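1. here are the coordinates; sequence isn't available:
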């Protein structure tokens, strides 16, 4: 019998599920926010998709989350807003209105969309 290479045959299959949790929060401004100033919205000033008052803004999952801010339906650049999770008095959204730009008028809708992902993977190895 001739020499031959003996190898181990192994197959593996990995299944990954990406489970997004999308939450939206709504606010309508009650006063003008001038360019060069900051609009800070407390958690209790938001309402949810059902129209109920919000008592807390959710925590952002480390490395698996992000938030978007829309002012009057327009997605805003990341660097002008600060999201702080937590309950009333702690949780808030702060929007730094750039100097030299436009004001945020009264009655302007502000929407915050928070996406948290809870991925899970399983691997099956067959030998």
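-> Received it, and whenever you're ready, just let me know what you need. Predicted, not measured: the structure shown is a model, and the values here were computed from it.

2. List of residues touching the strand or helix carrying residue 23?
-> For residue 23, the element it lies in under DSSP states H and E is strand 20-28. Contacts with strand 20-28, where a contact means CB atoms under 8 Å, 6 or more residues apart in numbering, come from 41, 45-49, 54, 57-58, 93, 107-118. Just so you know, the C-beta spots here come from the backbone N, C-alpha and C atoms, and that holds for glycine as well.

3. So for that strand, mean pLDDT?
-> Predicted confidence along strand 20-28 averages 96 (mean pLDDT).

4. Could you do stretch 93-107 as well?
-> Averaging the model's pLDDT scores along stretch 93-107 yields 95.

5. Then stretch 55-68?
-> Averaging pLDDT along stretch 55-68 gives 94.

6. buried set for that stretch?
-> Buried residues in stretch 55-68, counting neighbours by 16 or more other CB atoms under 10 Å, are found at 57, 58, 60, 65, 67.
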